[in-house]
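# here's my sequence, what's the structure:
(4 chains)
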There are 2 protein chains.
Amino acid sequence: MAQPEADLGIVDALAQLSFLVQGMLAKRAAAHDLSMIQTRLLGVLRDREPTMQELARLLELDKSSATGLVDRAEKRGLVKRTPSIEDRRSIRVTLTPLGRRIVSDAAGAFQTDIMSATACLSTADKKRLATLATRVITDYGRQLDGRALGG
Amino acid sequence: MAQPEADLGIVDALAQLSFLVQGMLAKRAAAHDLSMIQTRLLGVLRDREPTMQELARLLELDKSSATGLVDRAEKRGLVKRTPSIEDRRSIRVTLTPLGRRIVSDAAGAFQTDIMSATACLSTADKKRLATLATRVITDYGRQLDGRALGG
DNA sequence: TATTGTTATACTCTATAACTATA
DNA sequence: TATAGTTATAGAGTATAACAATA
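Prediction:
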């Protein structure tokens, strides 16, 4: 029935793959009634306790957008604001136990999704895909660094 | 200076790659003052003239959300509503010449981004990456079909 | 009755500008 | 003066529920 299809070009292949992966993330987030940006918020807080300004930079948001984002997460008991000791203008944002539990659940479910989606690949091919993706990601990071340093 | 880094695991590699690619799309869309969903709207209209209901299904939106989306795009002269002949309840949504020009520009710029981001890969490795991504995408489509058919 | 599309409403998410408090 | 954060405001984007027109 299904013909052996021709490979997509690299552009369409990466675009479609990105929508597939983001869709999985969004679905697992929605299972906890979280938007993507709320999920990213919890994600960055897993190993950081940033100030509002640092948080805005990490999420590439205006500081006023970060205020609203944290307001809504705090109202749901997912994060907590604590005054900074060093600078009385600053506050630090941290995960609550509930927030940590939810982000761990979502991350675990997403991992299951990816393993399921790549189950059609041999172990060697999975490794190849991870290697190639890693090279693109790290090379892109270096391009950004170069731009930032060089002008 | 930079150590040869270990590959990311498949989960992190695909997640980070998806954010990288979506960021490129968003940046090229923003250059035309378009959101991702507006860009997707123009994208699906490149080779279709759907009814509002079909459009909502294609974009996975509620029909009322599609109404607002098309309202805003129409106000900017990017799309056009035309009455359907077959069913007087229906309308068809089509690209205007401006909308078509803008989506073509954005698609071309995005293609440049992807070629630049994968310039670190040999031609053979680019082909491998496209092949592996295509297999994941098509296998996922088959899983969905199987679920839809089997229950 | 069922379907197509819109409207009314409410919420999240976002940025700009103005503001308060602290440095 | 400059920085950290909030508030006021405006707009995009989303869903639910109720509605009008057509089938």
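
# please identify the helix or strand for A:Thr94.
Assigned by DSSP states H and E, A:Thr94 belongs to strand A:91-95.

# what count of nearby residues applies to the residue lying closest to A:Leu59 once chain neighbours are set aside?
Take A:Leu59 and drop its neighbours on the chain: the residue closest to it by CB to CB, 6 or more residues apart in numbering or on different chains is A:Arg40, 6.1 Å away. Glycine gets a C-beta too; all of them are placed from N, C-alpha and C. A:Arg40: 20 surrounding residues under other CB atoms under 10 Å in any protein chain shown.

# whichever strand or helix holds A:Arg40 vs DNA strand C: in contact?
In this assignment (DSSP H and E), A:Arg40 forms part of helix A:36-45. Yes. Residues of helix A:36-45 contacting DNA strand C under CB under 7 Å from any atom of the strand: A:Ile37, A:Gln38.

# give me the mean pLDDT for that helix.
Averaged across helix A:36-45, pLDDT comes to 98.

# what element comes up after that helix heading to the C-terminus?
Next element after helix A:36-45 (DSSP H and E): helix A:52-59.

# that next one and DNA strand D in contact?
Yes. Against DNA strand D, helix A:52-59 shows contacts by CB under 7 Å from any atom of the strand at A:Met52, A:Gln53, A:Glu54.

# what separation do you get for the first one and A:Arg100?
Plainly put, A:Met52 is 20 Å away from A:Arg100 if you go by CB to CB, to the nearest Å.

# the more surrounded of those two?
Neighbours per residue (other CB under 10 Å) separate A:Met52 from A:Arg100, with A:Met52 holding more: 20 against 16.

# verify the contact between that one and A:Ala66 for me.
Yes. Contact criterion CB atoms under 8 Å: A:Met52 and A:Ala66 qualify, at 5.5 Å.

# interface residues of chain A facing DNA strand D?
Counting by CB under 7 Å from any atom of the strand, the residues of chain A near DNA strand D are A:51-54, A:63-64, A:66-68, A:70-71, A:81, A:84, A:87, A:89-91.

# got any ranges where chain A has weak pLDDT?
A:1-5, A:146-151 (pLDDT under 70).

# show me where it has its strands.
All strands of chain A, identified by DSSP state E, fall at A:79-83, A:91-95.

# and among the ones you listed, the most buried is which?
Neighbour counts (mean count of other CB atoms under 10 Å in any protein chain shown) averaged over each of the strands of chain A peak at strand A:91-95, with a mean of 20.

# that one versus helix A:52-59: what angle between them?
Counting by axes from the mean of the first three to the mean of the last three CA atoms, to 10 degrees, strand A:91-95 lies at 50 degrees to helix A:52-59.

# which other helices and strands does strand A:91-95 contact?
In terms of contacts (3 or more CB pairs under 8 Å, 6 or more residues apart in numbering or on different chains; DSSP states H and E), strand A:91-95 is packed against helix A:36-45, helix A:52-59, strand A:79-83.

# can you list these in JSON lines and add distance to A:Ala6?
Formatted as JSON lines, the helices and strands packed on strand A:91-95 follow (distance: least, CB to CB, whole Å):
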{"stretch": "helix A:36-45", "distance to A:Ala6": "32"}
{"stretch": "helix A:52-59", "distance to A:Ala6": "39"}
{"stretch": "strand A:79-83", "distance to A:Ala6": "47"}
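
# kindly list the longest helix within chain A.
helix A:123-150 (DSSP state H).

# is that helix in proximity to chain B?
Yes. Using CB under 8 Å from any CB of the partner chain, we find that helix A:123-150 touches chain B at A:125-140, A:142-143.

# which among those residues count as buried?
A:125-126, A:128-140 (16 or more other CB atoms under 10 Å in any protein chain shown).

# so which of the residues you listed comes closest to B:Arg46?
For these, the residue nearest B:Arg46 by CB to CB is A:Val136; the value is 26.3 Å.

# now do the residue nearest to the spatial centre of chain A against DNA strand D, distance only.
The residue lying closest to the centre of chain A (CA atoms, centre = their mean) is A:Arg40, at 4.9 Å. Distance from A:Arg40 to DNA strand D, counting by CB to the nearest atom of the strand, to the nearest Å: 16 Å.
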